[in-house]
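Peer 1: Task: produce atomic coordinates for the following.
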Amino acid sequence: MSGSPALRIVAERPTPGTPRPYDFPDVERTRLANGLSLAVIHLPGRPLVSATLVLRNGAADEPDGEGGATVLAARALTEGTARYDAIALVEASERLGASIHAEAGWDAMSIGVDVPAARLEAALELLAEVALHPTFPEAEVDRLRDERLNDLLQAEADPRRRADEVFAATIYSGGSPYRRPSGGLKPTVERLDAARLRAAYQRGLDPARAMLIVGGDLSGIDVGAIAARLLGGWGAAYGAGPTGSIVAESAVRERFVRVVHRPGSVQTEIRIGHVGLPRRIADFHALSVMGAILGGLFNSRLNTKLREEKGYTYGAGAGFDLRRAAGPFAARAAVNTDVTIPAIVDMLAELDRIRSAPVEASELRAARDFLIGVFPLRFETPGPVVGALAGLAVHDLPDDELARYRPAIEAVTIEAVLAAAGHIRTAQAAIVLVGDADAFGSELESAGLGPVVIERDRGVQDDGRATGVQGDLEPLDEGPAGPTDGAEAGDTASSDAALTTD
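Peer 2: Numbers count the residues shown, from 1 in each chain. Have a look, this model is predicted:
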């Protein structure tokens, strides 16, 4: 029987090979007379060109009383310009075989277009029209605002979103924009109008803080001349204002448990974490590897323990959401209600273990090989290449950041991983639970995890809920992201795939 086909297949299971060499494409950088940075990446054989105008103007930069204005302003950009209404703009782009889009996230805003190389100049004309001459039609703004308000109501019914929302509102101080959703809360969103959206957009219209990135097969195309013609007249008259520092202070001094009680819930959403780190840190690469080992890979410690060994959940993970200022660190899982407390204990044990003892050489090798191996796969088309460079622009990272990523990951040692794990602070972590407190409350009290606060989650069906969101239960969006989040998910410019908290 030892020679049976089934046993031979197991014995001959393939192992990972040596990662192939890869060099990130060369980038030609110039600057227009008005201060606009231009990055051009020639990618032979890639006839679909991607172009993105990145503005360092995100939801973190807006006044607290206008929360949601930046994200909504980005969504409204393609709803009308001086030359086109929304339908005419779509028709103009479709005639070129192009798609034009605008987004905003915490850190920045972007206006992008994807188009065949032969029609790039005409597509960039549309991009410039959207960037410099948006009209923010009242009817479209009203529609987008109502969509956002409806989305906030839907968030109330989603335990996963509620857990993320409450977690952010718990760990950040009252002065931080990160305590609320990037898309805003009802008290601010319902006041947004065309004038406020225009002001939010114009706040970032400074060419000296912007970058146009164009990637694809650009043979015979003078991108610099096109950019100078279309965007060279952009100046201070467009109304840009200064940006200040981003407050990202923690509201947690010692570990405690906050429970949002949902009677009858069959699962508990668990979040354990604290205010984390910004993107610009010296040990980014070690943090990437540590994050992969802890909670970024399928065979990560958290997933192996909670899913494979204990069968508590379909998936568990952890990571740092790296932003311009310190984003959150969170370990997360959704578990059956009856195993809520054992799951929390196991999660805390894994967080403490990676901080207190060196990882195994096999774990280090698997994490490094994964990060190095998937890196080239992210840049097979111009869009992700452009997105990666957008991340560099947003976070003021050096030009060689992407070129040196793989060697830097390869150089991460066991000692460096242990040092990076020191950024996890279990003694100052908030434990946020959304679930049925009646089912696990007594066990929670006796577990000794820290002070416990239990509050009933009022659903949208309750009287009064539709009139406002309680200040201490503010929702945090998981909605569409901007250049920043799009780039962050697919490159190393901001946060690596192993370091996302979603």
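
Peer 1: what ranges do the helices span in the stretch 151-300 of the chain?
Peer 2: In the stretch 151-300 of the chain, the segments counted as helices under DSSP state H, counting those that start in this stretch are 159-171, 186-189, 194-202, 223-231, 284-291.

Peer 1: same question, the stretch 351-500 of the chain
Peer 2: Going by DSSP H, counting those that start in this stretch, the stretch 351-500 of the chain shows helices at 361-374, 382-395, 405-410, 414-420, 437-446, 483-488.

Peer 1: ok, residue 141 touching residue 194?
Peer 2: Yes. Taking contacts as CB atoms under 8 Å, residue 141 lies within contact range of residue 194: 4.8 Å. Where C-beta positions appear, they are placed from N, C-alpha and C, glycine not excepted.

Peer 1: Compare these two and say which is more crowded by neighbours.
Peer 2: A count of neighbours by other CB atoms under 10 Å puts residue 141 above the other of residue 141 and residue 194, at 23 against 19.

Peer 1: For that one, what is the enclosing helix or strand?
Peer 2: Assigned by DSSP states H and E, residue 141 belongs to helix 138-157.

Peer 1: Just the CA trace of that helix, in PDB.
Peer 2: Output of helix 138-157 as PDB, limited to C-alpha atoms (Å, rounded to 0.1, in the frame of the first residue of the first chain):
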ATOM      1  CA  GLU A 138     -27.100  70.600  -6.200                       C
ATOM      2  CA  ALA A 139     -29.400  67.800  -7.300                       C
ATOM      3  CA  GLU A 140     -26.500  65.400  -7.500                       C
ATOM      4  CA  VAL A 141     -25.100  66.500  -4.200                       C
ATOM      5  CA  ASP A 142     -28.500  65.900  -2.600                       C
ATOM      6  CA  ARG A 143     -28.600  62.400  -4.000                       C
ATOM      7  CA  LEU A 144     -25.100  61.500  -2.900                       C
ATOM      8  CA  ARG A 145     -25.800  62.900   0.600                       C
ATOM      9  CA  ASP A 146     -29.000  60.800   0.900                       C
ATOM     10  CA  GLU A 147     -27.100  57.700  -0.200                       C
ATOM     11  CA  ARG A 148     -24.600  58.300   2.500                       C
ATOM     12  CA  LEU A 149     -27.300  58.700   5.100                       C
ATOM     13  CA  ASN A 150     -28.900  55.500   4.000                       C
ATOM     14  CA  ASP A 151     -25.600  53.800   4.300                       C
ATOM     15  CA  LEU A 152     -25.200  54.900   7.900                       C
ATOM     16  CA  LEU A 153     -28.500  53.300   8.700                       C
ATOM     17  CA  GLN A 154     -27.400  50.000   7.000                       C
ATOM     18  CA  ALA A 155     -24.200  50.100   9.100                       C
ATOM     19  CA  GLU A 156     -26.400  49.900  12.300                       C
ATOM     20  CA  ALA A 157     -27.600  46.400  11.200                       C
END
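
Peer 1: if I look at residue 141 and residue 194, which residues touch both of them?
Peer 2: residue 76 (CB atoms under 8 Å, 6 or more residues apart in numbering).

Peer 1: residue ranges with poor pLDDT in this structure?
Peer 2: 1-17, 19, 236-243, 458-502 (pLDDT under 70).

Peer 1: Please enumerate the strands of it.
Peer 2: 28-31, 37-42, 48-55, 99-104, 109-116, 210-216, 256-261, 267-275, 316-320, 328-336, 430-435, 452-456 (DSSP state E).

Peer 1: List the strands paired with the first one, with their directions.
Peer 2: By that I understand strand 28-31. strand 37-42 (antiparallel) (DSSP bridges).

Peer 1: Check the fifth one too.
Peer 2: The sheet places strand 109-116 alongside strand 48-55 (antiparallel), strand 99-104 (antiparallel), with pairing taken from DSSP bridges.

Peer 1: most neighbours per residue, which of the ones you listed?
Peer 2: strand 48-55 (a mean of 26; mean count of other CB atoms under 10 Å).

Peer 1: Any figure for the gap between the closest residue to residue 102 other than its chain neighbours and residue 121?
Peer 2: Excluding the flanking residues, the one nearest residue 102 by CB to CB, 6 or more residues apart in numbering is residue 77, at 4.1 Å. Between residue 77 and residue 121 the computed distance is 21 Å (CB to CB, to the nearest Å).

Peer 1: Comparing those two, which residue is more hemmed in?
Peer 2: Taking other CB under 10 Å, residue 77 and residue 121 do not tie; residue 77 has more neighbours (23 against 17).

Peer 1: Mind splitting the protein into its structural domains?
Peer 2: 28-238, 256-499 (automatic domain parsing).

Peer 1: Could you dump those into a markdown table and include distance to residue 22?
Peer 2: Listed next are those as a markdown table, based on distance: least, CB to CB, whole Å:
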| stretch | distance to residue 22 |
| --- | --- |
| domain 28-238 | 14 |
| domain 256-499 | 4 |
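
Peer 1: Figure out which of those domains is closest to residue 246.
Peer 2: Of all these, domain 256-499 sits nearest to residue 246, with 3.7 Å by CB to CB.

Peer 1: Test of understanding: give the bridge partners of the residue lying closest to residue 456 once chain neighbours are set aside.
Peer 2: Once flanking residues are discounted, residue 456 sits nearest to residue 261: 4.8 Å by CB to CB, 6+ apart. Under DSSP bridges, the beta-bridge partners of residue 261 are residue 435, residue 456.

Peer 1: Residue 345 versus residue 261, what's the distance?
Peer 2: Relative to residue 345, and taking CB to CB, residue 261 is found at 20 Å.

Peer 1: So for these two, which residue has more residues nearby?
Peer 2: Neighbours were counted for residue 261 and for residue 345 using other CB under 10 Å; residue 261 has more, 18 against 13.

Peer 1: Please name the residues that touch that one.
Peer 2: By CB under 8 Å, 6+ apart, the neighbours of residue 261 are 435-438, 454-457.

Peer 1: Going by neighbour count, which of those comes out on top?
Peer 2: Ranking the contacts of residue 261 using other CB under 10 Å puts residue 435 first, with 27 neighbours.

Peer 1: check contacts around that residue.
Peer 2: 159, 259-262, 265, 267-269, 337, 340.

Peer 1: if you set the cut-off to 6 Å instead, what comes out?
Peer 2: Contacts for residue 435 (CB atoms under 6 Å, 6 or more residues apart in numbering) come out as 262, 265, 268, 337.

Peer 1: cool, and residue 80?
Peer 2: Counting by CB under 6 Å, 6+ apart, residue 80 has contacts 86, 135, 137.

Peer 1: Show me what the closest residue to the second one other than its chain neighbours bridges to in the sheet.
Peer 2: In this case it means residue 135. Take residue 135 and drop its neighbours on the chain: the residue closest to it by CB to CB, 6+ apart is residue 80, 4.5 Å away. Per DSSP bridges, the residues bridged to residue 80 are residue 85.

Peer 1: And residue 80, how far from residue 202?
Peer 2: 16 Å.

Peer 1: how close does the nearest residue to residue 214 once chain neighbours are set aside get to residue 208?
Peer 2: Of all residues not flanking residue 214 in the chain, residue 51 sits nearest, at 4.5 Å (CB to CB, 6+ apart). Using CB to CB, residue 51 is found at 20 Å from residue 208.

Peer 1: same question, residue 234
Peer 2: On the measure of CB to CB, residue 234 and residue 208 end up 10 Å apart.

Peer 1: More neighbours: these two, which one.
Peer 2: Taking neighbours as other CB under 10 Å, residue 234 and residue 208 compare with residue 234 leading, 20 against 14.

Peer 1: residues in contact with that one?
Peer 2: Neighbouring residues of residue 234 by CB under 6 Å, 6+ apart: 34, 207.

Peer 1: now the strands of the chain as JSON lines including distance to residue 246?
Peer 2: Shown next, in JSON lines, are the strands of the chain (distance: least, CB to CB, whole Å):
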{"stretch": "strand 28-31", "distance to residue 246": "26"}
{"stretch": "strand 37-42", "distance to residue 246": "22"}
{"stretch": "strand 48-55", "distance to residue 246": "16"}
{"stretch": "strand 99-104", "distance to residue 246": "15"}
{"stretch": "strand 109-116", "distance to residue 246": "15"}
{"stretch": "strand 210-216", "distance to residue 246": "19"}
{"stretch": "strand 256-261", "distance to residue 246": "24"}
{"stretch": "strand 267-275", "distance to residue 246": "12"}
{"stretch": "strand 316-320", "distance to residue 246": "16"}
{"stretch": "strand 328-336", "distance to residue 246": "13"}
{"stretch": "strand 430-435", "distance to residue 246": "20"}
{"stretch": "strand 452-456", "distance to residue 246": "28"}
